[in-house]
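Q: fold the following for me, if possible:
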Amino acid sequence: MMRGRKALQWMTLLLAGFAGLASAAAVGPGAVRKQVESSMLLRGSIDLDRTGSVTEVALEQEDKLPQGVVDFVRGSVAQWKFEPVVRDGKPVLARAPVSLRVVAKKRDDGNYQVAIRHADFSVPAKDEDGESVTSKSMNPPRYPEAAYRSGFKGTVYLILKVGRDGRVEDVVAEQVNLRVIASENQMRIGRDLLARASVAAARRWSFVPPVRGDAANEPYWTVRVPVNYAFHGDPESDAYGKWSAYVPGPRQPVPWRAQQDAPGFSPDTLAQAGGVYMAGAGNGPRLLTPLDGG
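A: Numbering: from 1, shown residues only. Purely as a prediction, here's the structure:
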């Protein structure tokens, strides 16, 4: 039985072969090719003063990151402004985790435009805190044969409605990012194949509801789980501090969810495939500064 962060690796489904098919699928129309983004997922922490200004930025494994990216991120994050963190009615000093996606997109003049596209300040659920939804039984989905044969690979970002009994009441494939290029119609088919397999598996999952804290009395809980599909021998998708190319899929609405996410949030800032993340704007400090594309 796997719980919480212990489920980090199991969602990376490794398959043998089909490199030739993946290459063939990469020959597609220019309209799709222009949608390709290269991005890097970074993690770290930020310190905030009592006014909500950033006083310190720390990045994980900073010595292994490109210096230009480090300088850009530090300079950008230092300008962010947050709502002050308040405890017992008074603003306090605070430290928060940060996961952010740096995106590089090629311009018509051949140069690249770099931006921090999305940011998240939440953490995966922990078994020991009892205040979050954690995993109980999460068998991974099977790789759809049609997607396998056609060379489709990518990441499905699921959002789930978990009931009081820990069962999944509803699930939506909120976004599907593909790491191949094909026609627009083929890309829609590929996203649908991976999304359907992920949703079908998720409907059979079960979770441990929170037993204390502010969320314990909710009628249901909303969690997110990233699911990664890759072939054997592929470079690890979203390997820390490495550029990864993909075609971002459209963000799908979630009809049963009324609560809004924090400004700047996107599902693809969730770093750990198989991790369970409580959804909601209240998990972490609230960013006031608009992000490019966020």
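Q: do you know how far Thr134 is from Gly68?
A: Using CB to CB, to the nearest Å, Thr134 is found at 38 Å from Gly68. Quick note: C-beta positions are derived from backbone N, CA and C, even for glycine.
Q: ok, the two, which is more surrounded?
A: Ranked by neighbour count (other CB atoms under 10 Å), Thr134 and Gly68 place Thr134 first, with 25 against 9.
Q: thought Phe207 was touching that one, still the case?
A: Yes: between Thr134 and Phe207 there is a contact under CB atoms under 8 Å: 6.5 Å.
Q: for the stretch 1-150 of the chain, what spans make up the helices?
A: For the stretch 1-150 of the chain, the helices defined by DSSP state H, counting those that start in this stretch cover 19-25, 30-33, 67-77, 145-150.
Q: next, the buried residues of the last one.
A: Buried positions in helix 145-150, judged by neighbour count with 16 or more other CB atoms under 10 Å: Ala147, Tyr148, Ser150.
Q: would JSON lines of those residues with pLDDT and distance to Val227 be doable?
A: Converted to JSON lines, those look like this (pLDDT from 0 to 100; distance: CB to CB, whole Å):
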{"residue": "Ala147", "pLDDT": "94", "distance to Val227": "12"}
{"residue": "Tyr148", "pLDDT": "90", "distance to Val227": "15"}
{"residue": "Ser150", "pLDDT": "92", "distance to Val227": "18"}
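Q: hmm, back to that, go through the helices of the stretch 1-150 of the chain and name the closest to Thr289.
A: helix 67-77 (9.2 Å; CB to CB).
Q: any idea how far Trp205 is from Arg87?
A: Distance of Trp205 to Arg87, given as CB to CB: 35 Å.
Q: so for the two, which residue has more residues nearby?
A: Shown here are Trp205 and Arg87; by other CB under 10 Å, Trp205 has more neighbours (22 against 8).
Q: quick one: the more buried one and Val156, what's the gap?
A: For Trp205, the distance to Val156 - CB to CB - is 14 Å.
Q: in contact with Ser266, which residues?
A: Contact analysis of Ser266 by CB atoms under 8 Å, 6 or more residues apart in numbering lists Arg101, Arg117, His118, Asp120, Gln175, Arg251, Gly294.
Q: per-residue pLDDT of it, please?
A: Looking at Ser266, its pLDDT reads 72.
Q: make residue 1 into 720 and carry on from there
A: Let's use 720 as the start, then, which means that last one is Ser985.
Q: pipe the helices of the stretch 720-869 of the chain into TSV and attach distance to Arg886 per row.
A: Output for those, formatted as TSV (distance: least, CB to CB, whole Å):
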stretch	distance to Arg886
helix 738-744	36
helix 749-752	38
helix 786-796	39
helix 864-869	27
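Q: and Tyr831, which of the ones you listed is closest to it?
A: Comparing these against Tyr831 with CB to CB, the closest turns out to be helix 786-796 (10.9 Å).
Q: the closest one packs against which elements?
A: When contacts are defined as 3 or more CB pairs under 8 Å, 6 or more residues apart in numbering; DSSP states H and E, helix 786-796 packs onto strand 756-767, strand 773-778, strand 813-825, strand 831-839.
Q: of the ones you listed, which is nearest Gly932?
A: Among the helices and strands packed on helix 786-796, strand 813-825 sits nearest to Gly932 (CB to CB), with 17.7 Å.
Q: give me the distance between Gly909 and Leu877.
A: Per CB to CB, Gly909 is found 17 Å from Leu877.
Q: just Ile765 next, same as before
A: Per CB to CB, Ile765 is found 27 Å from Leu877.
Q: same thing with Asp807?
A: Separation of Asp807 from Leu877 (CB to CB) stands at 37 Å.
Q: quick one: which of these two has more around it?
A: The neighbour count for Asp807 versus Leu877, taken as other CB under 10 Å, is higher for Leu877 (24 against 5).
Q: residues contacting stretch 805-818, please?
A: With CB under 8 Å, 6+ apart, stretch 805-818 has contacts from 760-771, 796, 803-804, 838-842, 988-990, 1003-1004.
Q: now it, how far from the centre of its chain.
A: Its chain's C-alpha centre and that of stretch 805-818 lie 23 Å apart, by CA atoms, centre = their mean, to the nearest Å.
Q: show me the strands in the stretch 870-1013 of the chain, by range?
A: Along the stretch 870-1013 of the chain, the segments classed as strands by DSSP state E, counting those that start in this stretch run 873-882, 887-897, 925-927, 939-948, 963-965, 996-997.
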